[in-house]
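Colleague: the following block contains a protein sequence and its predicted model.
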There are 2 protein chains.
Amino acid sequence: MSQDDFLQSLRALVGAAHVLGGEQAAPFLVDWRGHFRGAARAVVRPGSTAEVAAVVRCCAAAGVPIVPQGGNTGLCGGATPDTSGRAIVLLLTRLDRIREIDTDNDSMTVEAGCLLQTVQQAAQAAGRLFPLSLAAEGSCTVGGNLATNAGGTQVLRYGNMRELCLGLEVVDAEGEVWHGLRGLRKDNTGYDLRDLYIGSEGTLGIITAATLKLHPLPAARCTAMLAVPDLESALALLSRARTGFGAALTGFELMSADCLALVTATFRQQRLPFAGEGAQAPWFALLEMSDAESEQHGRERFETVLGTALEAGEALDAVIAESLAHGRALWHLRESITLAQAQAGRSLKHDVALPISRIPQFMRETGARLAEHFAGLRVMPFGHLGDGNLHYNLLSGPGFDAEALAARQDEIYACVHDAVHALGGSVSAEHGVGQLKVAEVARYKSAHELRLMARIKAALDPQGLLNPGKVLARPDQADSAAAS
Amino acid sequence: MSQDDFLQSLRALVGAAHVLGGEQAAPFLVDWRGHFRGAARAVVRPGSTAEVAAVVRCCAAAGVPIVPQGGNTGLCGGATPDTSGRAIVLLLTRLDRIREIDTDNDSMTVEAGCLLQTVQQAAQAAGRLFPLSLAAEGSCTVGGNLATNAGGTQVLRYGNMRELCLGLEVVDAEGEVWHGLRGLRKDNTGYDLRDLYIGSEGTLGIITAATLKLHPLPAARCTAMLAVPDLESALALLSRARTGFGAALTGFELMSADCLALVTATFRQQRLPFAGEGAQAPWFALLEMSDAESEQHGRERFETVLGTALEAGEALDAVIAESLAHGRALWHLRESITLAQAQAGRSLKHDVALPISRIPQFMRETGARLAEHFAGLRVMPFGHLGDGNLHYNLLSGPGFDAEALAARQDEIYACVHDAVHALGGSVSAEHGVGQLKVAEVARYKSAHELRLMARIKAALDPQGLLNPGKVLARPDQADSAAAS
């Protein structure tokens, strides 16, 4: 089929207004940070699951690769096509209906193009909580959250997107619709296709809708910040908080003193809520508790449990937020770290996960190794300690400038990720693989596991047309990588 | 290879004492209820993951099917070989080591042959909770729990076995070991092999070990029983309890008045804890709350929240357990239902799940349909309302005797399961498929979903040697079923 005929077929399927080229297509061919650029035959915006299926059948017949895209907020280039211009970008944003909210079943069924924030708000309006929460929630879509198994700040209590999903509707590589929108808590009637599609970044099928789990709205959210003398104490504190608050503990964030010093130096209206010894602490923990009773009860629980932590020396000082506004101010310190780092120089980000018990060893050994081989590099770690997920960010500075960072980027990645891998960790905790980390995945996974993954890919997408080159290397490239 | 040579190879791999035949093999060729009987070349008991892998390689080379078995407590014949005698039974019970408990990471790594109770006790000894709890816990193994994605009474709060597993070690169909024992809460580096193996009943690989999630031990467990005027009220009560107790609500069981009347009539020392109007209620709910503070606090919470339920008319009466013993007595009523039914006559069990919101409609319509077509059959439903999981059991009685039940069994199954399917439910909530429900799965799943499952099976077990005929029909049988 000629390119003209192919585009004509697409226009017939979704309407001419929804097959974009040229200037109109440009914003969808680059990721939001401008790190990945590609080309495509067209950007296609189907308006329904049936249209998605029809577009996929058309592409399958013509041998055209398909790159699904939602809000285009990913960090790993998973939604950006390669530069060959062979693929189409399949935009899911017109599939934005909330199909059903079932409060008795605590579930809601939404289409893939719904914004996460829209879902959160619709749940709240129905008196329920949809707990997934992350920085891009105003512009990312549920389909992208599912494709990358998104995490965020509430995982400790509610799990990743995987744990928040009951069922899926998926268009497979042949353009057939899998109707897996089950609103069930228990269903043991065969292979877990749902979890196979979740986190597969559009390489096994195209998620068009999902049935999501809802939770009760907590009566109150309480926040506390603690100054912590060392990482071992942070771990003891986490354990104490988990026991003391049970499942009411919804967040446990860790930040290094350097991170917060950068925030208060960059944004003058922000300040550390500690004086004296507390202000000198090397680590700070931010705790969130969702109380089913009342704000009063939540604060009393904080006082009781954090009191024992202070006595045990696991914390040097503690501040319990007196109001919602006070709590938001404490969270604002945490949320400002990324911005402050962006203003402070060039950075290398590592989104890693470790067994929680090994985090002190990882920090000690990796810090020492970096100091030895990359003296002057500034280590700025923070993250979701309750999930073992660290954003182990490294900043250029006076002693290690932006050019050095750029020139030695691969060495630094390898240094950090080798250490993570040696301790049983993951080099992508919550951001996925996309095109950015395909080589890293190939480096750290066993040949056996890559082979199992490739077999599944071949079984569900025999032509290799679904988001090729993402998650797994293309078969030809994988062979050459294995041979090298 | 001759049978003698084959057995000789197995003896060389695991030791002659661990290749059983004749009388020694007999107990492993029939399920514990005596519903399924099969034959096998031998029952083989490897002592390590390496031995499992060696046995699988030996079988793969000889084209011999493998039926994995743990505690042999399943209800669907998933661990029983067919009658051809071609397979071996691979017994995992010698893999019974607890490899590691990591309290800082709240995880433990155990081998597949560990008894569930052993795992629970080891967690408790380390000051942690492993929450999976079910009737067979003293004799079922963790490997079987994973293979069937076991459920039980704590799913409402802690999830099924799937949600309790962080990582797996699996021997694949070629006898290669997948080292997926990751103790991570977040890991987005590729396809979710873990969840694909969980619930696949040994048809895609043989689970040899797992890293499991641990939870904090609650400070207190509190129990309450309520008399409920109708199913709509039971749903309202569930919603109120979820909001009022948050994640502290760990159990919400529903029982019909007929179920409890049978218990109190069968076991004279047991009695209903209600008088007057409460004793006349058609439904009873059993609630469990795990409190992070104290027994006193838990009881006060119960009083507050259940008080509002009584005022709203969602409950006619409520009893809050005054002591652990009192709480156990209330649970004992629930746990005695199965035994009482077993003594009362022949029964047909249905382990179904529904969207919780549709349970009243299901009960109403299915009850009416059964009364119309199978007058005299006694309907004895109970189950985990919080998970939408009903054990919708039917009993023979004076008006519908055991012979009628046996003769019309398939009609009755179809009547109940058709209704479940029409309302978006599952015909196997927590017991799996095994050999019992292969035809049911083929009946209710779309041809498309069966094809996706078959492709995955072919990708991971190309020779079709892993537990053939379980979950999915064998390819030859599936063809003939589709043609019929």
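Modeller: Received it, and whenever you're ready, just let me know what you need.
Colleague: gap between the residue lying closest to residue A:237 once chain neighbours are set aside and chain B?
Modeller: Distances taken as C-beta to C-beta, 6 or more residues apart in numbering or on different chains place residue A:314 nearest to residue A:237, at 4.6 Å, with adjacent residues excluded. Where C-beta positions appear, they are placed from N, C-alpha and C, glycine not excepted. For residue A:314, the distance to chain B equals 13 Å [C-beta to the nearest C-beta, to the nearest Å].
Colleague: phi, psi for residue A:314 please.
Modeller: Taking degrees, to the nearest 10, you get phi -80, psi -20 for the backbone angles of residue A:314.
Colleague: please parse chain A into its domains.
Modeller: Here the domain parsing of chain A from automatic domain parsing is A:3-91, A:98-216, A:220-338, A:345-422, A:445-483.
Colleague: looking at the ones you listed, which is closest to residue B:63?
Modeller: Of all the domains of chain A, it is domain A:445-483 that lies closest to residue B:63, at 20.2 Å by C-beta to C-beta.
Colleague: so for that closest one, what gets flagged as buried?
Modeller: A:445, A:449-457, A:459-461, A:464-473, A:478 (16 or more other C-beta atoms under 10 Å in any protein chain shown).
Colleague: can you check stretch A:138-155 too?
Modeller: Buried residues in stretch A:138-155, counted by 16+ other C-beta under 10 Å: A:140-155.
Colleague: could you list which of these also contact chain B?
Modeller: Among those, the residues that sit close to chain B (C-beta under 8 Å from any C-beta of the partner chain) are A:148-149, A:151, A:155.
Colleague: and of those, the nearest to residue A:123?
Modeller: Scanning these for proximity to residue A:123, where the rule is C-beta to C-beta, the winner is residue A:155, at 17.4 Å.
Colleague: and the end-to-end length of stretch A:82-91?
Modeller: With C-alpha to C-alpha, to the nearest Å applied, stretch A:82-91 spans 16 Å between its terminal residues.
Colleague: who touches it?
Modeller: A:10, A:25, A:28-29, A:37-46, A:52, A:55-56, A:59, A:64-69, A:79, A:81, A:206, A:435, A:468-469 (C-beta atoms under 8 Å, 6 or more residues apart in numbering or on different chains).
Colleague: tell me the mean pLDDT for that stretch?
Modeller: The average pLDDT for stretch A:82-91 rounds to 98.
Colleague: one more: stretch A:30-49?
Modeller: Computed over stretch A:30-49, the mean pLDDT rounds to 96.
Colleague: quick one: the helices in the stretch 251-400 of chain A?
Modeller: For the stretch 251-400 of chain A, the helices defined by DSSP state H, counting those that start in this stretch cover A:257-266, A:276-279, A:295-311, A:324-335, A:337-344, A:359-373.
Colleague: in CSV: those, plus distance to residue A:112, mean pLDDT and mean neighbour count.
Modeller: CSV is the format used below for the helices of the stretch 251-400 of chain A (distance: least, C-beta to C-beta, whole Å; pLDDT from 0 to 100; neighbours: other C-beta atoms under 10 Å in any protein chain shown):
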stretch, distance to residue A:112, mean pLDDT, mean neighbour count
helix A:257-266, 35, 97, 18
helix A:276-279, 46, 96, 14
helix A:295-311, 36, 96, 17
helix A:324-335, 27, 95, 16
helix A:337-344, 27, 92, 17
helix A:359-373, 35, 97, 16
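Colleague: contact residues of the stretch 351-484 of chain A facing chain B?
Modeller: So the stretch 351-484 of chain A meets chain B at A:353-358, A:384, A:386-389, A:424-433, A:437, A:441, A:444-446, A:448-449, A:452-453, A:455-460, A:471-472 (C-beta under 8 Å from any C-beta).
Colleague: quick one: which of those sit in strands?
Modeller: Among these, the ones falling in strands (DSSP state E) are A:353, A:384, A:389.
Colleague: show the buried residues in the contacts of stretch A:82-91.
Modeller: If we count by 16+ other C-beta under 10 Å, the contacts of stretch A:82-91 have these buried: A:10, A:25, A:28-29, A:38, A:40-46, A:52, A:55-56, A:59, A:64-69, A:79, A:81, A:206, A:435, A:468-469.
Colleague: low-scoring pLDDT stretches of chain A, where are they?
Modeller: Low-confidence segments of chain A, defined by pLDDT under 70: A:478-484.
Colleague: show me the contacts for residue A:120.
Modeller: A:130, A:132-133, A:137.
Colleague: so which strand or helix has it?
Modeller: Residue A:120 is part of helix A:116-125 when elements are defined by DSSP states H and E.
Colleague: and for residue A:174?
Modeller: Of the helices and strands defined by DSSP H and E, none includes residue A:174.
Colleague: what's the burial count for it?
Modeller: 18 (other C-beta atoms under 10 Å in any protein chain shown).
Colleague: same check on residue A:124?
Modeller: 13.
Colleague: next: residue A:202.
Modeller: 26.
Colleague: ok, back up a step: what distance separates the helix holding residue A:120 from the centre of its chain?
Modeller: What separates the centre of helix A:116-125 from the centre of its chain is 19 Å, taken as C-alpha atoms, centre = their mean, to the nearest Å.
Colleague: buried stuff in that helix?
Modeller: For helix A:116-125, by 16+ other C-beta under 10 Å, it's A:116, A:118-120, A:122-123.
Colleague: next SSE downstream of that helix?
Modeller: strand A:128-129.
Colleague: please enumerate residues in contact with the next helix-or-strand element following that next one?
Modeller: Moving toward the C-terminus from strand A:128-129, the next helix or strand (DSSP H and E) is helix A:142-147. Residues outside helix A:142-147 that contact it (C-beta under 8 Å, 6+ apart) are A:68-71, A:73-74, A:78-79, A:92, A:95, A:110-116, A:119, A:132, A:150, A:161, A:165, A:168, A:197-202, A:207-208, A:210, A:212, A:432.
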